[in-house]
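K.L.:
with the sequence up front, the predicted model follows.
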Amino acid sequence: MEKLNQSSLLKIKEIVSKHKDEPGPTIMMLHDVQDALGYIPFEAMEEIALATNQSVGEVYGVVTFYAQFTTQPKGKHIINVCIGTACYVKGAQLLLDRILELTHAKVNGTSHDGLFSVDATRCLGACGLAPVAIVDGKVYGDAEKSGLVEKAIQEIIACEGGKQG
Amino acid sequence: MVNVKINGISVEVEENSTVLQAAKKAGVHIPTLCFLKDLNETGACRVCLVEIKGARALGPACIYPVSEGMEVFTHNKRVLAARKNTVELLLSNHNKDCLSCARNQNCELQKLADDLGIREFKYQGAYRPVTFDDFSDGIVRDTSKCVTCGRCVNACAKIQGLGILNFIDRGFNTKIGPVYNKSLADVNCMQCGQCINVCPTGALHEKEEIHNVINALHDPTKHVIVQTAPAVRASLGEEFGMPIGTRVTGKMVAALKRIGFERVYDTNFGADLTIMEEGTELIERLQNHGTLPMITSCSPGWIRYVEREYPELLGNLSTCKSPHMMLGAIIKSHYAQRKGIDPKDIYVVSIMPCTAKKHEKNREEMKQNGLQDVDAVLTTRECGKLIKMFGLDFEHLRDEQFDEDLFGEYTGAGVIFGASGGVMEAALRTVTEILTGKELDDIEFKAVRGTEGIKEATLTINDQEIKVAVAHSMVLAKPLLEDIKAGKSPYTFIEIMGCPGGCINGGGQSRVIGNIRNGFIDIDWKKERAKALYDEDAIMPKRKSHENKQVQELYENFLGKPGSHKAHELLHTTYEKKDRFNF
């Protein structure tokens, strides 16, 4: 397995020591690592296991249980498309298909150039705005018709050098 | 105390009892699958569902607490239908190749399906993706047979403190495996096989070597020798329905002779030899300020653990090989020479209570001139299968004796190696007599016996006080190891075995079913098996390793003296730090 770079290792240590005396620290550590590095590397699971007196296997069990943690590096830009019932009825699948075409990513995967990760998510609790998509933390409602999500993606591609064509 | 009614039978039970315990007291048996007392109490599998009067849904008896006046129905129409449905659902995703399964005829799931009268596969549907891992030397993991009960997960975590096996993913895709679903060969697994012993199905089993052994037996160019570990005789009978703790030494020898092994030897000879070498090593360390405490090295699971988890303590390990490896090395050198056989044509089979020994025999350090000291390791369970394959009526075989040429003699000290504390006791018998030059009044060191917890003793030899400790399982060993690491261990000599209770409860022994582990059948299986060994020790004419005549002759004719150059070459080994994860 590829070795993790020094700055990521330091970041992991910092996160682990920040949470280690709090109750139920595993999830908080994992959230922070996922946010900071875009995924949970093996070294992070080892550090967390050591600090919380668990085995690496146990930490891995938690990582694979929750959909928001990944063990593969995430893309630079993250797109979530809700496929909960309300969004699905309002055309979320059509929206998702168009996004996949634009980003060249697979569902719950990352594009080859590492630019985009596209996740199909469960209900985001904004059914009144269905269908809903989130691009880099920004929520778009009524996204099937508005065309704003597609626009946002095209802007990112233009900004990043237009490789996606 | 609380009064409850189980199927109309009134019983009085302790306040924090479960429905399952109350039912036992009422003489009612509720079937269970995932439940293991003190180890896996989760109520996950729903096989033990019962109806509680007044409760909306059925509840799992194994974890349902009793309350005053509670009325429980364990086998009414609703319960029976639900229980059957639960098992039918489990079977819908189960690889039902029972005829060719390693657990055929002793599977807990198979028995449940039979007990509940399941006669069709009601639910046909998707199967989850399968992982089949047979890369490690000792343990095979086949998730197609796994019911995700979690017994192995908790055995690994609570017995060895390793927590290697765990639930991966969620929902329908849940599987049990090591981190990244890697092979057990690539993680810090000690190959102890305790996970195998608790698995209710064929999802975890030993890597079988039976057919290699049969091929060797049928190869006219091979001279096939078998040796049996002390703990095997205390468990092998169980494979043939005999009560736990029946000592079957003579029948086992008779069976192996009929199967066609050229020689049937007792690993106890190797154990006596181990005591000569290990005792000498301890005396030398005591007299020359060597690394102390010295820790025993007979348990290959423990060796795998220390190489990965405590490499800084490798210097504390005795350099002695384990008894069966010693005997293997002597067979391929001294025996070969004496009988005029090329060591290449000798095939040594060890029958062991252990899955880690399957790995140990493959270690590079355990070879001479490119030849393995031991060629195949069969577990007690495999030995039972082998005997059945050869059509022998085990129970009615007349007792026979081990072969007596060269390595036939053994002492009581060798026999007790199979129980936790046995190596310590055997070593103390010899070391004390050598150091004091006087015969011991009482050779039974009872303080180091027993199947529960850490055991310790203090003895005075030549006015010097010596403290010893005995641990079995890594959860018990860990505090002792931390003390050594911190430089504050009060001990001179420590015995560590990989499995709780020692080899008598090894990962290769006969399976002890859930009903016994959960106390529905009142047998303390570890105690009964240990007793079988201590009883054999008590009736032996010689009970101290240094009194073994043939061991003495081996030194006179071949090895020189204990700790000699030749002894080191053949009977000692080296250890090295190993990576915990290979990826």
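P.N.:
Structure received. All figures in this text were calculated on a predicted structure; none of them were measured in a lab.

K.L.:
domain assignment for the chain?
P.N.:
I'll assume chain A. As given by automatic domain parsing, the domain ranges for chain A are A:6-65, A:77-159.

K.L.:
sorry, should have said chain B
P.N.:
In the assignment given by automatic domain parsing, the structural domains of chain B cover B:2-91, B:128-206, B:211-571.

K.L.:
distance from the first one to the middle of the chain?
P.N.:
Remark: domain B:2-91 is offset 31 Å from the chain centroid, using CA atoms, centre = their mean, to the nearest Å.

K.L.:
what does chain A put close to chain B?
P.N.:
Applying CB under 8 Å from any CB of the partner chain, one finds that chain A approaches chain B through A:1, A:42, A:45, A:54-58, A:60-61, A:64-65, A:71. Glycine gets a C-beta too; all of them are placed from N, C-alpha and C.

K.L.:
show me the residues you listed that map onto helices.
P.N.:
For the residues of chain A next to chain B, membership in helices holds for A:42, A:45, A:56-58, A:60-61, A:64-65, with DSSP state H as the criterion.

K.L.:
got the confidence number for B:Gln464?
P.N.:
Among the per-residue scores, B:Gln464 shows a pLDDT of 87.

K.L.:
number of residues surrounding residue 121?
P.N.:
All of this is about chain A. The tally of other residues near A:Thr121 (other CB atoms under 10 Å in any protein chain shown) stands at 18.

K.L.:
actually it's chain B I care about, not the one you picked
P.N.:
Each residue near B:Phe121 was counted by other CB under 10 Å, and the total is 12.

K.L.:
how much space between the residue nearest to A:Ala92 when sequence neighbours are not counted and A:Ile156?
P.N.:
The shortest distance from A:Ala92 to any non-neighbouring residue, by CB to CB, 6 or more residues apart in numbering or on different chains, is to A:Pro131 (4.0 Å). Using CB to CB, to the nearest Å, one obtains 20 Å as the distance from A:Pro131 to A:Ile156.

K.L.:
find the closest residue to chain A in the stretch 151-300 of chain B.
P.N.:
B:Gly163 (3.0 Å; CB to the nearest CB).

K.L.:
in contact with the residue of chain A found nearest chain B, which residues?
P.N.:
Of the residues in chain A, the one nearest chain B is A:Ser55, at a distance of 3.0 Å by CB to the nearest CB. By CB atoms under 8 Å, 6 or more residues apart in numbering or on different chains, A:Ser55 lies in contact with A:49, B:157, B:162-164, B:166.

K.L.:
before we move on, what about B:Ser510?
P.N.:
B:235-236, B:238-239, B:380-381, B:384.

K.L.:
the same query, at a cut-off of 10 Å, please.
P.N.:
Remark: with contacts taken as CB atoms under 10 Å, 6 or more residues apart in numbering or on different chains, B:Ser510 is in contact with B:106, B:197, B:232, B:234-240, B:242, B:244, B:353, B:379-381, B:383-384, B:525, B:529.

K.L.:
what subset of the residues you listed is buried?
P.N.:
A residue is treated as buried here by neighbour count (16 or more other CB atoms under 10 Å in any protein chain shown); on that basis the buried members of the contacts of B:Ser510 are B:197, B:232, B:234-240, B:242, B:244, B:353, B:379-381, B:383-384, B:525, B:529.

K.L.:
and the residue in the stretch 251-400 of chain B that chain A sits nearest to, what's its pLDDT?
P.N.:
Residue nearest to chain A within the stretch 251-400 of chain B (CB to the nearest CB): B:Glu309, separated by 11.2 Å. Reported pLDDT at B:Glu309 in the predicted model: 97.

K.L.:
ok, it touching B:Met474?
P.N.:
Yes - using CB atoms under 10 Å, B:Glu309 is in contact with B:Met474, at 7.9 Å.

K.L.:
quick check, distance from stretch B:313-327 to the centre of its chain.
P.N.:
Taking CA atoms, centre = their mean, one finds the center of stretch B:313-327 at 18 Å from the center of the full chain.

K.L.:
what residues sit buried inside that stretch?
P.N.:
Of the residues in stretch B:313-327, those buried under the neighbour-count criterion (16+ other CB under 10 Å) are B:313-314, B:316-327.

K.L.:
now do stretch B:462-481
P.N.:
For stretch B:462-481, the buried set under the neighbour-count rule, 16+ other CB under 10 Å, comprises B:466, B:468-474, B:476-478, B:480-481.

K.L.:
that stretch near chain A at all?
P.N.:
No - contact check for stretch B:462-481 against chain A, using CB under 10 Å from any CB of the partner chain: none in range, with a minimum separation of 11.6 Å.

K.L.:
what's the nearest residue to B:Lys53 if we skip its chain neighbours?
P.N.:
Spatial nearest neighbour of B:Lys53, excluding adjacent residues (CB to CB, 6+ apart): B:Glu71 at 3.9 Å.

K.L.:
for that neighbour, name its beta-bridge partners.
P.N.:
On the basis of DSSP bridges, B:Glu71 is bridged to B:Lys5.

K.L.:
pLDDT score for it?
P.N.:
So, for B:Glu71, pLDDT stands at 97.

K.L.:
list the contacts for it?
P.N.:
Going by CB under 10 Å, 6+ apart, B:Glu71 touches B:4-8, B:10, B:51-54.

K.L.:
hmm, 8 Å instead?
P.N.:
If a contact means CB under 8 Å, 6+ apart, then B:Glu71 has B:4-5, B:52-54 as its contacts.

K.L.:
ok now the strand with the most length in chain B, how far from the chain's centre?
P.N.:
In chain B, ranked by residue count with DSSP state E as the criterion, the top strand is strand B:464-472. Counting by CA atoms, centre = their mean, strand B:464-472 is centred 23 Å from the centre of its parent chain.

K.L.:
the helix or strand just after it vs strand B:464-472, what angle?
P.N.:
On the C-terminal side of strand B:464-472, the closest following helix or strand by DSSP states H and E is helix B:474-485. Going by axes from the mean of the first three to the mean of the last three CA atoms, to 10 degrees, helix B:474-485 is angled at 140 degrees with respect to strand B:464-472.

K.L.:
just the CA atoms of helix B:474-485, as CSV, please.
P.N.:
Listed in CSV are the C-alpha atoms of helix B:474-485, where the atom choice follows Å, rounded to 0.1, in the frame of the first residue of the first chain:
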residue,chain,number,x,y,z
MET,B,474,-3.6,-13.2,25.2
VAL,B,475,-6.1,-11.2,27.3
LEU,B,476,-4.6,-12.8,30.4
ALA,B,477,-1.0,-12.5,29.1
LYS,B,478,-1.2,-8.8,28.2
PRO,B,479,-0.8,-7.3,31.7
LEU,B,480,2.2,-9.6,32.3
LEU,B,481,3.8,-8.5,29.1
GLU,B,482,3.2,-4.8,29.8
ASP,B,483,4.9,-5.3,33.2
ILE,B,484,7.9,-6.8,31.5
LYS,B,485,8.0,-3.9,29.0
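
K.L.:
okay, buried residues for stretch B:359-366 please.
P.N.:
Using 16+ other CB under 10 Å as the test for burial, stretch B:359-366 gives B:359-361, B:363, B:366.

K.L.:
so how far is B:Glu51 from the residue nearest to B:Lys53?
P.N.:
9 Å.

K.L.:
give me the next element, helix or strand, following the helix or strand of chain A with the lowest mean pLDDT.
P.N.:
The least trusted helix or strand in chain A, going by mean pLDDT, DSSP states H and E, turns out to be strand A:109-110, with a mean of 87. Following the chain from strand A:109-110 toward its C-terminal end, the next helix or strand by DSSP H and E is strand A:116-121.
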